[in-house]
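> what's the 3D shape of this:
(one chain, ligands or ions: 1)
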Amino acid sequence: MPLKMGVATVTMNRPPVNSLNTEHLETLHRTFIRLENEKCRGMILTSSSPTVFSAGLDIREMYKPELEKARKFWRTLQDMWLKLYSSPYPTVAAINGHAPAGGCLLSLSCEYRVIVPKVRMGLNETQLGIVAPQWFQDCMRNAIGEREAEKALIAGRMFSSEEALKVGLVDEIAQNKEECIQKAEAFLASQANLPMLARKTVKLGFRHQTLSRLLTGREADTKIFIDYIFQPKVQKGLEMYLQSLSKKAA
Ligand SMILES: CCCCC/C=C\CCC/C=C/CC(=O)SCCNC(=O)CCNC(=O)[C@H](O)C(C)(C)COP(=O)(O)OP(=O)(O)OC[C@H]1O[C@@H](n2cnc3c(N)ncnc32)[C@H](O)[C@@H]1OP(=O)(O)O
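Predicted structure coming up:
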């Protein structure tokens, strides 16, 4: 995590697709805490993969899990998200590859998004027979508005880079990762002279409702997750999805 002029670039590096298991989520969470403690001036979130930003939650964490491990997984996801979404420093996602589901959530939790061409992003959960939790949905709604979010979430729509720009899911398209980082840096530079306290206060004001909805209902949210994924038909769906992903690789 190099810090250049107080700006950190956090590069996810969990091959092959940066899927978010408990360990990876813990690493991200610790990183965001450290950045806050070190009074970082801005953060760029990106990926070491040339084709994938993040494939979202690691489906193997939800497929036939032990109860306590599944609970820990979900709480760690909540912790990571609460830290990122409420970060006092400016955040940009340099989306240099596909960003389905939890990968899209990571980018939506940043303040500004730059994407490369020919990749897809969105909350596709419905297509997998699972449901994007309320706080995932809130992040989408906050980015693109009620009507577009409702349509996208019901359909589990994956947006192309161009479609994402058109609907406001991302702020800019860059030609490649290098340009993506340059544009991310330019956004952070544009924020650098703003009084930090005022900036942070306005950001948290906008995000307060979404954050408190989870903060006040964390246990209930965990229970909903557990009850949902332990349903036999959901497990069957996850099994088939994992098989389809593996078949694709074969
Ligand atoms: C009433 C209220 C109910 C509330 C319910 C509450 C909770 C339910 C939980 C809901 C939340 C879900 C959020 C999620 O994030 S679910 C994950 C969704 N992710 C995806 O759908 C992405 C799946 N992956 C892909 O589409 C592609 O892998 C790709 C990201 C486009 C990259 O494609 P490619 O480069 O071609 O790579 P491969 O497809 O060949 O994959 C390589 C390798 O990685 C494995 N893999 C891919 N994605 C995942 C994943 N998300 N988790 C685990 N493993 C993954 C894939 O199986 C390959 O493995 P092998 O090489 O071993 O075959």
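> Tell me the residues of this structure that contact the ligand?
16-17, 19, 51-52, 55-60, 98, 100-102, 124-125, 128, 130-131, 133, 224-225, 228-229, 245-246, 248-249 (C-beta under 6 Å from any ligand atom). Where C-beta positions appear, they are placed from N, C-alpha and C, glycine not excepted.
> what secondary structure does the one residue sitting closest to the centre of the chain sit in?
Geometric centre of the chain, nearest residue: residue 106, 1.3 Å, by C-alpha atoms, centre = their mean. At residue 106, secondary structure determined by DSSP: H, G, I helix; E, B strand; the rest coil is helix.
> pLDDT value on residue 248, please?
Model confidence at residue 248, given as pLDDT, is 64.
> actually residue 121, not the one I typed
On pLDDT, residue 121 comes in at 98.
> and it, what are its bridge partners?
Residue 121 has the following beta-bridge partners by DSSP bridges: residue 99, residue 159.
> which ones are touching it?
Contact analysis of residue 121 by C-beta atoms under 8 Å, 6 or more residues apart in numbering lists 53, 95, 98-100, 103-104, 107, 115, 158-159, 161, 164, 169-170.
> sorry, back to before: and the residues of the chain next to the ligand, which are buried?
17, 19, 52, 55-59, 98, 100-102, 124-125, 128, 130-131, 133, 225, 229 (16 or more other C-beta atoms under 10 Å).
> Select from the residues you listed every entry located in helices.
Under the assignment DSSP state H, these contribute 102, 225, 229 to helices.
> The last one reaches residue 59, doesn't it?
In this case it means residue 229. No. Residue 229 is not in contact with residue 59 according to C-beta atoms under 8 Å; the separation is 10.2 Å.
> what sits in contact with each of those two?
Both residue 229 and residue 59 are contacted by residue 238, under the criterion C-beta under 8 Å, 6+ apart.
> what ranges do the helices span in the chain?
22-37, 67-85, 102-109, 134-144, 146-155, 161-167, 177-191, 196-215, 218-229, 232-249.
> CSV please, covering the ones you listed and showing distance to residue 120.
Below are those laid out as CSV (distance: least, C-beta to C-beta, whole Å):
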stretch, distance to residue 120
helix 22-37, 21
helix 67-85, 22
helix 102-109, 9
helix 134-144, 15
helix 146-155, 12
helix 161-167, 8
helix 177-191, 16
helix 196-215, 24
helix 218-229, 24
helix 232-249, 15
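> Point out the most buried one among these.
Highest mean neighbour count among the helices of the chain (mean count of other C-beta atoms under 10 Å): helix 102-109, with a mean of 27.
> Could you list the alpha-carbon positions for that helix in CSV?
What follows is helix 102-109 as a C-alpha-only set of coordinates in CSV (Å, rounded to 0.1, in the frame of the first residue of the first chain):
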residue,chain,number,x,y,z
GLY,A,102,-19.6,-7.6,-3.9
GLY,A,103,-17.1,-6.2,-6.3
CYS,A,104,-19.6,-3.6,-7.4
LEU,A,105,-20.4,-2.9,-3.8
LEU,A,106,-16.7,-2.1,-3.1
SER,A,107,-16.7,0.4,-5.9
LEU,A,108,-20.1,1.9,-4.9
SER,A,109,-18.7,2.4,-1.4
